[in-house]
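*Asks:* below: sequence and its predicted model.
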Amino acid sequence: MIPSPLATRQQAPCWQHALREAFLRPAELLDFLELDPALPALAPALARDFPLRVPRGYASRMRKGDPLDPLFLQVWPASAEAAEVAGFGLDAVGDLQRLRDGGVVHKYDGRVLVMTTGACAIHCRYCFRRHFPYSDHLAARDHWRAALDTIAGDDSIREVILSGGDPLSLSDDKLGELVDALDGIPHLRRLRIHTRQPIVLPERIDERLLGWLGRSRLQKIMVLHANHPRELDDDVARALQPLRHAGVTLLNQSVLLRRINDDAGTLVALSERLCECGVLPYYVHLLDRVRGTAHFEVEEAAARALMEALLARLPGYLVPRLVREEPGRTSKTPIAW
Ligand SMILES: *Cc1c(COP(=O)(O)O)cnc(C)c1O
Ligand code: SF4
């Protein structure tokens, strides 16, 4: 029952092409979804600093004519983004204080996060990185030299986490160059990639990506980001297969989002669908309190009740851990329920 990813991939357009074809104009997305632009709820925010961006394949998983579709709500620049809400600031997770040379964030023991790029294939409206001053901190400059020096110079580091933005926005040449160099740092054991691209742009998982990933000596973990079961359509399921065959451990993190996945039925279906795709749920995050995202927040008490419902309905390995990120802590903060 192993599908043949090769056959389907050869006919698929290359990922750069799919990226270029993404919806960038709100009016075009509404037209594609057969939504009435005159609806007051659909008046878009200006969002100049973080404009609409939605790959066509992802938009095709949305329900036509439904302004409350949970995939649509994740990407639509709603006018509620303009609201100033106390407690929702610019650097909610305190990363700016922890930046080391070369775009490396060393907050947690044994692991460093490398800010590879600010670019993403999709713009998620709740994103905690929407205000991040990437241009000052990108690691990919200068053939990764500063990042590699920082990592090579600290032998307490066992695991390198490629983050961003979305690291898979970079070319395979650039990523291959980085991973080959990481292979040569003897104290490293694991390579982790935090990416939403296999979900929003499954074309991205191609032979060239599998080339640099497959040849690395490091143990490989990919942490995907899906929030709703309908994001994992058959194209996504097919794209994930060759990663599993290449020995990559697949995990998923989600963000708990109001009106999108804040009900037990949706979260149960998400875990079941992830499992079908060979992905285990890892974290479910409480929203980082970033300016312009308050309308997505789910109260902590409601989140705890949801987790209790999941525990009652799912095997333990399909229940993600509920966490919050707090500035100054040495790990994610688990929320007990
Ligand atoms: C989330 C995060 C990590 C990884 O934490 P895990 O609990 O190992 O998933 C590492 N560094 C930073 C800065 C993070 O925000
Ligand atoms: S893909 Fe990830 S980093 Fe990029 S906008 Fe979405 S949540 Fe943010």
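*Replies:* Alright, I've got the coordinates. Ligands and ions are numbered 1, 2, ... in the order given.

*Asks:* can you name the residue of the stretch 151-300 of the chain nearest to ligand 2?
*Replies:* With CB to the nearest ligand atom as the measure, the residue in the stretch 151-300 of the chain that lies nearest ligand 2 is Arg196; the distance is 3.7 Å. (C-beta placed from N, C-alpha, C; glycine too.)

*Asks:* list the contacts of that residue.
*Replies:* The contact partners of Arg196, taken as CB atoms under 8 Å, 6 or more residues apart in numbering, are Cys120, Ala121, Ile122, Cys124, Asp166, Leu224, His225, Ala226.

*Asks:* which of the residues you listed are buried?
*Replies:* Cys120, Ala121, Ile122, Cys124, Asp166, Leu224, His225, Ala226 (16 or more other CB atoms under 10 Å).

*Asks:* before we move on, back to that, let me know the closest of the contacts of Arg196 to Glu272.
*Replies:* Of all the contacts of Arg196, Ala226 has the smallest distance to Glu272: 12.5 Å, by CB to CB.

*Asks:* go ahead and confirm the closest one touches Ala269.
*Replies:* No: using CB atoms under 8 Å, Ala226 is not in contact with Ala269, being 11.4 Å away.

*Asks:* excluding its backbone neighbours, what's nearest Arg324?
*Replies:* Taking CB to CB, 6 or more residues apart in numbering as the measure, Arg324 lies nearest to Leu286, with 4.4 Å between them; neighbours along the chain are not counted.

*Asks:* and the one you found, how many neighbours?
*Replies:* The local packing of Leu286 (other CB atoms under 10 Å) involves 18 other residues.

*Asks:* from what I see, it and Trp337 are in contact.
*Replies:* No: counting by CB under 8 Å, Leu286 stays clear of Trp337, with 12.0 Å between them.

*Asks:* tell me which element the residue of the chain most remote from its centre falls in.
*Replies:* No residue in the chain sits farther from the centre than Ala38, which is 31.6 Å out by CA atoms, centre = their mean. With elements taken from DSSP states H and E, nothing contains Ala38; it lies in neither a helix nor a strand.

*Asks:* try Ala305
*Replies:* Following DSSP H and E, one finds Ala305 within helix 300-313.

*Asks:* surely Leu191 and Ala181 touch.
*Replies:* No: taking CB under 8 Å as the contact criterion, Leu191 and Ala181 are not neighbours in contact, 11.5 Å apart.

*Asks:* between those two, point out the one with more neighbours.
*Replies:* Neighbours per residue, other CB under 10 Å: of Leu191 and Ala181, the larger number sits with Leu191, 22 against 16.

*Asks:* near ligand 2, which residues of the stretch 1-150 of the chain?
*Replies:* Taking CB under 6 Å from any ligand atom as the contact definition, the stretch 1-150 of the chain meets ligand 2 at Cys120, Ile122, His123, Cys124, Cys127, Arg129.

*Asks:* re earlier: and the residue nearest to Arg324, what does it touch?
*Replies:* Counted by CB under 8 Å, 6+ apart, Leu286 has contacts Leu256, Val298, Glu300, Ala303, Leu322, Val323, Arg324, Ile335.

*Asks:* which non-adjacent residue is nearest the first one?
*Replies:* Nearest non-adjacent residue to Leu256, counting by CB to CB, 6+ apart: Val298, 4.6 Å away.
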